[in-house]
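J.: sharing a model prediction with you, sequence too.
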Amino acid sequence: ALDAIRSAQDAQANQMVLSDANTIFIEAFLRKEGLRHCFSDVISNPADFDHEGRLHIKPFHEGEPHGCPLCPSNLCKGRVL
């Protein structure tokens with residue numbers, strides 16, 4: 001899978017990450033693997049660490065659930081795309 005990402009980058013394909021994980025995890029993984037530059041955008045649940053080092057993850061979508069039966073209410077990939 002990592003070779004496919006690098007091949008797509010070499011072919012100048014626009015790559016994005018759209019994930020129900022969180023931004024801290026995805027950004028850390030991409031940086032560790034040396035792949036962050038391959039992606040134009042990372043779309044995921046926003047996350048940050050507080051002053052005590054605890055990770056807080058927020059939903060990508062705020063407010064009322066959108067009612068899509070195919071995904072969780074915090075991030076609807078179809079809606080984002």
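T.: Right, received. Where do you want to start?
J.: surely Arg36 and Ile26 touch.
T.: No: the criterion here is CB atoms under 8 Å, and Arg36 misses it with Ile26 at 9.4 Å. No exception for glycine: its C-beta is placed from N, CA and C like everyone else's.
J.: tell me the buried residues in the helix or strand containing Asp48?
T.: Using DSSP states H and E, the secondary-structure element containing Asp48 is strand 47-49. Within strand 47-49, the residues that qualify as buried by neighbour count (16 or more other CB atoms under 10 Å) are Ala47.
J.: elements contacting it?
T.: Strand 47-49 sits against helix 23-32, strand 55-57, with contacts defined as 3 or more CB pairs under 8 Å, 6 or more residues apart in numbering; DSSP states H and E.
J.: partners of the last one, with directions?
T.: On the basis of DSSP bridges, the sheet neighbours of strand 55-57 come out as strand 47-49 (antiparallel).
J.: can you tell me what sits against the partner strand?
T.: Outside strand 47-49, the residues that touch it by CB atoms under 8 Å, 6 or more residues apart in numbering are 22-25, 55-58.
J.: with stretch 57-64 instead?
T.: Residues from elsewhere that reach stretch 57-64, judged by CB under 8 Å, 6+ apart: 22, 24, 43-47, 73-76, 79-80.
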